[in-house]
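[1] Okay, sequence plus prediction incoming.
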Amino acid sequence: MSPTFRALAHRNYRLYWSGGFVSNIGTWMQRVAQDWLVLLLTNNSGTALGITTGLQFLPILLLSPWAGAVADRLPKQRLLQVAQLMMAAPALALGLLAVTGLAQPWHVYVIALLFGIGTAFEAPVRQSFVSELVSADDLPNAVGLNSVSFNLGRIVGPAVAGLTIALFGSGVEATGVVILINALSYGPVFFALGRLRDLPHDPDADRSRRPGMVLDGMRYVRSRPDLLLVLAVMGFVGTFGLNFQLTSALMATEVYAQGAGEYGILGSTMALGSIVGSLLAARRTSTRLRLVVGAALAFGVAEIVIATMPTYLTFVALTPLIGITAMTTITAANTTMQLTVPAELRGRVMALYLMVFMGGTPLGSPIVGWVGETFGARWSLAGGGVMSILGTLGSVAVFWHLSRRRERRTADAAGDNQRVPDPLEADPATQPVP
């Protein structure tokens, strides 16, 4: 099998990947439909769109540490099945409300919050579960292929959603049809999880409940400057830069005066670049902090450039560049976190990662939406790029200063006059475990 797809040789991972691909399509269909529904119900309010996105990601910010502790205590296979039901139920409710024409903005807000609660418990379990499906050598490849699945869904889902909404009249009822399809898409994941066999039982995993489990994960991350740098960079990028569903909707409707079909195409073209970035990541056997930082800076620059595009076609033409840089940043950060953390702490550490990366959205989305509504959609996109760049540079400056000072102190204590190595060049996999 090609090195790019070697993780698919594992039966359990192959089943899980296939079910997840179907669900990813449904998830991206709902994202487009939900955004379009909010715009229809609120007369194209960017603030309302930002509030909806923020409420959907707020539980990740608030609940992720405890969700990570649950992921380290209980069997992940069963937890993921429960999580599928927790996400399918709100989707079913919103779909029925929209199809019957009863949907109101507050309905969307409440259901987005409930959906976010399910996501908060599902995400850290899903991230850490991959290590139970493949060998340690194939874990970087599996992380990359998960991103491929996610972004294949991003290509197919928005396009199908946009066309379906247009086919059913582009109204509120049409968005309900799409959301109901997503509710059904959780079924394949549920049944795929039920067919997994011979999952390893980690003898080091702590299945007992005890006080301080959440704090243990936080203390571990605090003892790893390399992980703190990744968290800081992804915090800025996730909070201000990765608001595609919000900024794309505003750009499509306000700047280019396009409809649902053209809005759906934006998500698909952006995902083309994301797949390229994911496939490149799947071929890597290791990653370095320099890659995380460099990709984050390139992503910020790409956002600023694309915000200046004069026409819809030129905007579409450059969206793959956003996808490549964003996915390179995400997969490099994700791989760094997963490969260097002990199995018994992986759920909690990944939960902290997701809390910072995705949980920043509730803080950033209303701000980005307000900027778009007050100063124009272009500023919401360019501003995200500027904040991503400034945040990344600031994080690197702090990390560089602390790392160099620590390395110099260690070298002086040992009487070693050799050159202090560049901390950004270090392979995170070689970092000592405290």
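    That came through, no problem.

[2] Can you name the residues that contact G101?
    Each residue near G101 by Cβ atoms under 8 Å, 6 or more residues apart in numbering is listed here: V172, E173. Heads up, the C-betas are built off the backbone N, CA and C, glycines and all.

[3] And what about it, helix, strand or coil?
    Under the three-state scheme (DSSP: H, G, I helix; E, B strand; the rest coil), G101 adopts coil.

[4] quick one, phi psi at it?
    phi 80, psi 20 (degrees, to the nearest 10).

[5] Could you shift the numbering so residue one becomes 30, and keep it that way?
    Fine by me, first position is 30 from now on; the one you just mentioned is G130.

[6] tell me, what residue is most central in the chain?
    Geometric centre of the chain, nearest residue: M387, 6.1 Å, by Cα atoms, centre = their mean.

[7] residues contacting G393?
    Contacts of G393 by Cβ under 8 Å, 6+ apart are G267, T268, F269, N272, G413.

[8] Among those residues, which are located in helices?
    G413 (DSSP state H).

[9] just the contacts of G393 now: which is nearest I210?
    Closest approach between the contacts of G393 and I210, by Cβ to Cβ: N272, at 24.4 Å.

[10] Not counting its neighbours along the chain, what's nearest the closest one?
    V397 (4.9 Å; Cβ to Cβ, 6 or more residues apart in numbering).

[11] My guess is the one you found contacts A278. True?
    No: if you go by Cβ atoms under 8 Å, V397 and A278 don't touch, sitting 11.2 Å apart.

[12] Just the buried residues of the helix or strand encompassing I418, please?
    Using DSSP states H and E, I418 sits within helix 406-442. Of the residues in helix 406-442, 406-418, 420-421, 424-425, 428, 432 count as buried by neighbour count, 16 or more other Cβ atoms under 10 Å.

[13] now stretch 369-385
    Buried residues in stretch 369-385 (16+ other Cβ under 10 Å): 369-370, 372, 374-385.

[14] so where's this structure uncertain?
    By pLDDT under 70, the weakly predicted segments of the chain are 30-32, 229-243, 274, 289, 311, 313-316, 372, 388, 390-391, 439-463.

[15] related to what we said a few turns ago, ok, of the contacts of G393, which come out buried?
    Buried members of those, scored by 16+ other Cβ under 10 Å, are G267, T268, F269, N272, G413.

[16] how near is the residue nearest to N272 to A380?
    According to Cβ to Cβ, to the nearest Å, V397 and A380 sit 24 Å apart.

[17] what's the answer for R40, then?
    28 Å.

[18] burial of R102, as a residue count?
    R102: 17 surrounding residues under other Cβ atoms under 10 Å.

[19] A346 now?
    Counted with other Cβ under 10 Å, residues neighbouring A346 total 13.

[20] list the contacts for it?
    Contacts of A346 (Cβ under 8 Å, 6+ apart): M338.

[21] before we move on, what SS does the residue nearest to I418 when sequence neighbours are not counted have?
    On the basis of Cβ to Cβ, 6+ apart, the spatially nearest residue to I418 that is not a chain neighbour turns out to be G329, at 3.7 Å. Three-state assignment for G329 (three-state DSSP): helix.

[22] isn't G329 right up against T421?
    Yes: counting by Cβ under 8 Å, G329 does reach T421; the two are 7.0 Å apart.

[23] Show me whatever sits in contact with both of those two.
    Common contacts of G329 and T421 (Cβ under 8 Å, 6+ apart): V266.

[24] Show me the helices in the stretch 30-179 of the chain, by range?
    40-70, 75-102, 105-128, 134-158, 168-196 (DSSP state H, counting those that start in this stretch).

[25] Turn the ones you listed into CSV, columns for distance to T282.
    Output for these, formatted as CSV (distance: least, Cβ to Cβ, whole Å):
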stretch, distance to T282
helix 40-70, 7
helix 75-102, 9
helix 105-128, 19
helix 134-158, 17
helix 168-196, 13
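
[26] for those helices, which one sits closest to G223?
    Nearest of these to G223, taken as Cβ to Cβ: helix 105-128 at 7.1 Å.

[27] Out of the helices of the stretch 30-179 of the chain, the one nearest I353 is which?
    Using Cβ to Cβ, these put helix 168-196 closest to I353, at 10.5 Å.

[28] Packing partners of the helix or strand following the closest one?
    Going down the chain from helix 168-196, the next helix or strand is helix 201-223, by DSSP H and E. Identification of packing neighbours for helix 201-223 by 3 or more Cβ pairs under 8 Å, 6 or more residues apart in numbering; DSSP states H and E yields helix 40-70, helix 105-128, helix 168-196.

[29] Mind putting these into CSV with mean neighbour count and distance to R248?
    Shown next, in CSV, are these (neighbours: other Cβ atoms under 10 Å; distance: least, Cβ to Cβ, whole Å):
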stretch, mean neighbour count, distance to R248
helix 40-70, 23, 31
helix 105-128, 20, 23
helix 168-196, 23, 24
